[in-house]
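**Q** fold the following for me, if possible:
(one chain, ligands or ions: 1)
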Amino acid sequence: MKKQLVRQTRDHFQQIYHQAPEAVFLSPGRINIIGEHIDYNDGFVLPAAINKYVCFALSKTNNSTISFHAKDLNESYTLSTEDNLVPVETMWVNYLLGVLDELKRSNKIVSGFEMTFSSTVPMGSGLSSSAAVECGFAFALNSLFDLNLSRQDIALIGQQAEHRFAGVKCGIMDQFASVFGKKNKVIKLDCTTLDYTYYDAHLGDYSLLLLDSCVKHTHLTSGYNDRRNEVEVGLKMIQSHYPEVSTFRDCSLDMIENLKSELGEIIYKRCHFVVKEIARVDVAAQALNNHHYSLLGQTMTETHWGLSNEYEVSCPEIDFLVETILKKEGVLGARMMGGGFGGCSINLVPKEKEKEIIAQMKTAYFEQFGITLNYYPIKISKGTTKYEKA
Ligand code: GAF
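**A** Here you go, the predicted model:
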């Protein structure tokens, strides 16, 4: 799959620009085991990069024209290095312009170049195809133009591109996972300090199965940004009573209970979820480390119902998938993954039953919603990289 993606992207570059590319890069999508909507709430998250990639092929030119070609969409876009950069209608272009703009803001100068890219990260499925595009592109330019950026700089550039050009006030998890992923390792990321450790992703007789609801509810961006605002309001109210609280990490459930009527029903629910989820990540990380898979699965399921009932970022299709798979023998946990309002669920299932479960889930989902369920068995893989093989 990876080799095929690289070959096709290279061939495409050759067709469009009539020469071989100078360099090729791969940038992965991500999963998140637990710690959802917690990155921008200063907690810990447990993501990992996966074997689904955006592939970039590029060459420098000796003029000031920048050309992009999105192979999968058969669309192109051209600009000059001198252009004033502002968001445009086309979203894939925005991810790239956003990166160029961030580089400009930090005086990292690029000259003209030609680029094509292609992807096996499904779009809109909660696997962070946008972060993979932003980070892969920033990584490629860093390498091509010797910009002297660290991996952390690249993740932060990707995040800013998303804020300014895609309008999503995302946290840092997706970009960080894409850039810092390691084969068979889960990242435990402290979203306050950006310190991180790797945990073995060993799951014994279990595997992580992604089920793609194939729905994208349109309020994804607005819903996401609304949640961010709601928790910011909540945190300020908490801090006005408890000045010792600097982030949600310093909050206890008692504090939230004491302020329940002042916070009001909605903000109370959001804050309650955040405090519980921060605690759950710790339990889940320990469970993963101790190979205590039933506990790991249990925390994942608890997260789901928190996201659905308190944070209100799930949707009927994903709730159905979670409820249904949890009734299957041997399944240890299930939950929605990513920003929500559609996309994928992540499920901890017995390896030997995976095929049977997929077949049953496909039938049940089609009967309920008339939608063909997609699924992705995944491998945990390394982060953004230059493709060196011949
Ligand atoms: C999206 C965002 F981009 C991430 O930063 C994160 O908040 C996630 O939703 C929810 O955990 O993927």
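
**Q** contact partners for the residue in the stretch 201-350 of the chain positioned nearest to the ligand?
**A** Closest approach between the stretch 201-350 of the chain and the ligand, counting by C-beta to the nearest ligand atom: G339, at 3.5 Å. Glycine gets a C-beta too; all of them are placed from N, C-alpha and C. Applying C-beta atoms under 8 Å, 6 or more residues apart in numbering, we find G339 in contact with H37, G126, V168, C170, L220, G223, Y224, V313.

**Q** count the neighbours of L96 for me.
**A** A count of nearby residues for L96, using other C-beta atoms under 10 Å, gives 26.

**Q** neighbouring contacts of the helix or strand containing it?
**A** Counting by DSSP states H and E, the secondary-structure element that holds L96 is helix 91-105. Residues lying outside helix 91-105 but in contact with it, judged by C-beta under 8 Å, 6+ apart, are 66, 68, 70, 73, 75, 77, 79, 85-88, 109-110, 130, 133-134, 137-138, 141, 147, 157-158, 160-162, 164-166.

**Q** elements contacting the strand or helix carrying F56?
**A** Using DSSP H and E, F56 sits within strand 47-60. Packed against strand 47-60 by the contact rule (3 or more C-beta pairs under 8 Å, 6 or more residues apart in numbering; DSSP states H and E) you find helix 2-17, strand 23-32, strand 113-119, helix 129-144, helix 173-180, strand 185-190.

**Q** quick one on the thing from earlier: so which of the contacts of helix 91-105 belong to helices?
**A** Of the contacts of helix 91-105, the ones assigned to helices by DSSP state H are S130, V133, E134, F137, A138, L141, I157, G158, Q160, A161.

**Q** burial count for the second one?
**A** So that's V133. 30.

**Q** quick one, grab the pLDDT at the closest residue in space to it that isn't next to it in sequence.
**A** Closest residue to V133 apart from its sequence neighbours, by C-beta to C-beta, 6 or more residues apart in numbering: Y95 at 4.6 Å. Per-residue confidence (pLDDT) for Y95: 97.

**Q** with P377 instead?
**A** With respect to pLDDT, P377 scores 87.

**Q** now the phi/psi pair for it, please.
**A** P377 adopts backbone torsions of phi -70, psi 140, taken as degrees, to the nearest 10.

**Q** cool, and H304?
**A** When read as degrees, to the nearest 10, the backbone of H304 gives phi -60, psi -50.

**Q** contacts only, for I157.
**A** With contact set as C-beta under 8 Å, 6+ apart, I157 has these partners: V99, E102, L103, S106, E134, C135, A138, L149.

**Q** and the gap between the residue nearest to V133 and I357?
**A** Y95 sits 34 Å away from I357 when distances are taken as C-beta to C-beta, to the nearest Å.

**Q** which one's more surrounded, these two?
**A** For Y95 versus I357, neighbours defined as other C-beta under 10 Å are more numerous around Y95 (24 against 21).

**Q** how near is the more buried one to S143?
**A** The value you get for Y95 to S143, if C-beta to C-beta is used, is 18 Å.

**Q** what does V281 give?
**A** For V281, the distance to S143 under the criterion C-beta to C-beta works out to 33 Å.

**Q** tell me which parts of the stretch 101-250 of the chain are close to the ligand?
**A** Counting by C-beta under 6 Å from any ligand atom, the residues of the stretch 101-250 of the chain lying close to the ligand are S128, C170, G171, M173, D174.

**Q** highest neighbour count among the contacts of G339?
**A** When neighbours are taken as other C-beta under 10 Å, the top entry among those is G126 (29 neighbours).
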